[in-house]
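> give me coordinates for this.
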Amino acid sequence: MEHLNSERSSAPAKHKPGMYVVGYVLSLILTAVSFTLALTHSMSVAPLMVVMTILAGFQIVVQLFFFMHVTEGDGPPYHSLALILGLIFTFAIALMSVWIMGFNSQVS
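As a prediction, this is how the structure comes out:
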């Protein structure tokens with residue numbers, strides 16, 4: 001029993017505390033860039049929506065990998081594949097919705 005406890009305590013941590021700081025700083029940078037782009041009106045609406053969608057995707061990736069530890073765990077990485085598939089569906093639905101709303105304003 002002591003042998004198992006010594007293995008657990010000597011096992012290196014997979015996620016270092018510095019990685020949380022990196023994730024936090026990346027999240028702040030992505031949020032600040034998005035906020036600045038939205039407030040300054042530095043580009044027209046269509047490219048702004050594309051850039052904001054891309055920044056949102058990066059924000060999701062940062063959250064998943066730095067805070068939710070998607071890549072950690074035992075066993076096959078099915079949960080990572082399911083999350084990637086979910087992201088693809090989410091962005092497809094969001095982009096199609098934006099496209100439909102833009103098409104509707106051109107028809108009216």
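
> alpha carbons only for contacts and neighbour counts from here, please
Noted.

> quick check: end-to-end length of stretch 64-77?
14 Å (C-alpha to C-alpha, to the nearest Å).

> contacts for stretch 52-70, please.
Residues outside stretch 52-70 that contact it (C-alpha atoms under 8 Å, 6 or more residues apart in numbering) are Met19, Tyr20, Val22, Gly23, Leu26, Ser27, Leu30, Ser34, Thr71, His79, Ser80.

> I meant to write stretch 31-47 there.
Contacts of stretch 31-47 (C-alpha under 8 Å, 6+ apart): Leu48, Met52, Leu55.

> most neighbours, which of these?
Comparing the contacts of stretch 31-47 by number of neighbours (other C-alpha atoms under 10 Å), Met52 comes first, having 18 neighbours.

> show me which residues of the helix or strand that contains that residue are buried.
Per DSSP states H and E: Met52 is located in helix 45-62. Applying a neighbour-count criterion of 16 or more other C-alpha atoms under 10 Å, one finds Leu48, Met52, Thr53, Leu55, Ala56, Gly57, Gln59, Val61, Val62 buried in helix 45-62.

> among the contacts of stretch 52-70, name the ones in helices.
Met19, Tyr20, Val22, Gly23, Leu26, Ser27, Leu30, Ser34, His79, Ser80 (DSSP state H).

> what's the most distant pair in those residues?
Ser34 and His79 (28.7 Å; C-alpha to C-alpha).

> so the two - more neighbours on which side?
Taking neighbours as other C-alpha under 10 Å, Ser34 and His79 compare with Ser34 leading, 18 against 13.

> ok, that one to Ile93 distance?
21 Å.

> go on, Val50?
In terms of C-alpha to C-alpha, Val50 sits 14 Å off from Ile93.

> list the buried residues of the stretch of helix or strand Leu39 belongs to.
Here Leu39 sits within helix 17-40, counting by DSSP H and E. Across helix 17-40, burial judged by 16+ other C-alpha under 10 Å covers Gly23, Tyr24, Leu26, Ser27, Leu30, Thr31, Ser34.
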